[in-house]
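[1] test case, fold it:
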Amino acid sequence: MIDPQPGALRLPAEWEPQAAILLAWPHADTDWAANLAAVEQSYIALVSAITEFQTAIVLVASAEVCARARVALDAAGIPRHRWRSIVLDYDDTWLRDSGPITLVGDDGFVLLDFAFTGWGGKFAAARDDGLIKTLVTRGLFRRAQHRRINWALEGGAIESDGAGSVLSTRRCLAQRHPHSSADELIDQLRTHLAAERVLLLEFGALEARFQSRFARPLFAKRLWLPLSGPLPRKPLCQANRGGAKHAN
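    Presented below is the predicted three-dimensional model:
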C-alpha cells in the first residue's frame with residue numbers, strides 16, 4: 001500500500017470512522033412498490049443497526065413518506081435524536097450509487113458529484129443526478145467543497161483501501177463508457193479519486209454474486225454468497241488474476 005502524503009486528498013476506506021449514514025426511504029413510486037411493506041421492515045432494521053453507532057440521515061420523498069417513516073421508526077423504538085429526515089424527491093433509493101463520493105483531507109472534504117445515469121440509462125435518473133447539489137445547497141455538509149464531474153460513475157462501482165489504491169471492474173465502467181479504453185478508464189479514476197494506484201478487474205468488483213473487495217488490515221473478510229443460482233466460477237477468478245490491469 002502507498003501512504004498518502006500529508007495534506008493530500010484521498011478516498012477513505014469503508015471501515016474508517018464516519019459522521020453519519022445517508023439513506024433514502026422506499027415508497028410506492030420506487031422499484032420497491034411490489035413488496036413495499038417487507039422492504040420497509042428491512043429499512044427499519046437497517047436504521048436500527050446504524051443508530052446504535054452513529055446518526056442516520058433519512059431522505060423522504062414527501063411529507064407523507066416522512067410521516068410513514070417516523071411512525072415505523074418510532075414503533076421500533078429508535079430514538080429520534082439518533083436520526084433526522086430531509087424531504088427531497090428522488091428517483092430511487094440506491095444512494096450508494098447516486099450519493100456523494102467523498103474525498104478527505106486536512107482542510108475538510110470534497111464531495112464528488114459524478115453524473116448519475118440510472119445505471120447506463122436503465123432507469124430515469126434526473127432527480128437522483130441532482131441530489132448531491134440539492135443537499136449541498138441545503139447546507140447538509142460541513143467543511144465540504146462540492147465538485148461536479150460530468151463523467152458517469154456509481155459509488156458501488158469502486159472500492160478503496162484508504163491508502164491510495166482503488167479497485168473497479170472494466171465491464172461495469174465500459175457499460176457507461178463504451179468508447180473508452182481501459183487506460184482511459186483508469187486515468188479518469190486516478191484523476192478524480194486522487195488514486196495512486198488503480199486496479200481494474202475484468203469481472204465482478206462489487207457484483208452481488210462475485211465480489212472482490214479490499215479488507216481492513218489484520219481483519220479477515222467474510223463474504224456470504226447466495227445458495228441458489230450460479231456461483232462464482234474458477235475461470236472468472238483466473239481471468240481476473242491474469243487480466244487485471246493496473247496503473248501506478
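
[2] worst-scoring helix or strand of this protein, pLDDT-wise?
    Taking mean pLDDT, DSSP states H and E as the measure, the chain has strand 206-207 as its least confident helix or strand, at a mean of 48.

[3] then the longest helix along the chain to CSV, C-alphas only?
    Across the chain, the longest stretch assigned as helix under DSSP state H is helix 36-51. What follows is helix 36-51 as a C-alpha-only set of coordinates in CSV (Å, rounded to 0.1, in the frame of the first residue of the first chain):
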residue,chain,number,x,y,z
LEU,A,36,-43.1,-2.2,0.0
ALA,A,37,-44.2,-3.5,3.4
ALA,A,38,-41.5,-6.1,3.5
VAL,A,39,-38.8,-3.7,2.3
GLU,A,40,-39.8,-1.2,5.0
GLN,A,41,-39.1,-3.8,7.6
SER,A,42,-35.6,-4.2,6.2
TYR,A,43,-35.1,-0.4,6.4
ILE,A,44,-36.3,-0.3,10.0
ALA,A,45,-33.7,-2.9,10.8
LEU,A,46,-31.1,-1.0,8.8
VAL,A,47,-31.8,2.3,10.6
SER,A,48,-31.8,0.5,13.9
ALA,A,49,-28.4,-1.0,13.3
ILE,A,50,-26.9,2.3,12.1
THR,A,51,-28.2,4.3,15.0
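
[4] what residues sit buried inside that helix?
    For helix 36-51, burial by neighbour count (16 or more other CB atoms under 10 Å) applies to 39-40, 43-44, 47-48, 50-51. Using the backbone N, CA and C atoms, a C-beta is placed for each residue, glycine as well.

[5] from those residues, which is closest to Ile158?
    Ile50 (21.8 Å; CB to CB).

[6] and the pLDDT for the residue lying farthest from the centre of the chain?
    Within the chain, the residue lying farthest from the chain centre (CA atoms, centre = their mean) is Ala75, at 28.5 Å. pLDDT recorded at Ala75 is 97.

[7] show me the contacts for it.
    With CB atoms under 8 Å, 6 or more residues apart in numbering as the criterion, no residue contacts Ala75.

[8] cool, the one 3 residues further on as well?
    Neighbour list for Ile78: 44, 47-48, 51 [criterion: CB under 8 Å, 6+ apart].

[9] quick one: end-to-end length of stretch 12-27, please.
    With CA to CA, to the nearest Å as the measure, stretch 12-27 spans 31 Å from end to end.

[10] got it, and stretch 187-199?
    Using CA to CA, the end-to-end distance of stretch 187-199 comes to 11 Å.

[11] any idea how far Leu23 is from the spatially most central residue of the chain?
    With distances taken as CA atoms, centre = their mean, Arg96 lies nearest the centre of the chain, 2.6 Å away. Distance of Arg96 to Leu23, computed by CB to CB, to the nearest Å: 9 Å.

[12] from His192, how far out is the residue farthest from the centre of the chain?
    Between Ala75 and His192 the computed distance is 42 Å (CB to CB).

[13] only alpha carbons, please: show stretch 73-81 as CSV.
    Provided in CSV are the C-alpha atoms of stretch 73-81 (Å, rounded to 0.1, in the frame of the first residue of the first chain):
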residue,chain,number,x,y,z
LEU,A,73,-39.1,4.0,13.3
ASP,A,74,-41.0,5.2,16.5
ALA,A,75,-42.7,1.8,16.7
ALA,A,76,-39.4,0.1,16.5
GLY,A,77,-38.1,2.2,19.5
ILE,A,78,-35.4,4.1,17.6
PRO,A,79,-34.7,7.3,19.4
ARG,A,80,-35.5,10.4,17.3
HIS,A,81,-32.3,12.1,18.3
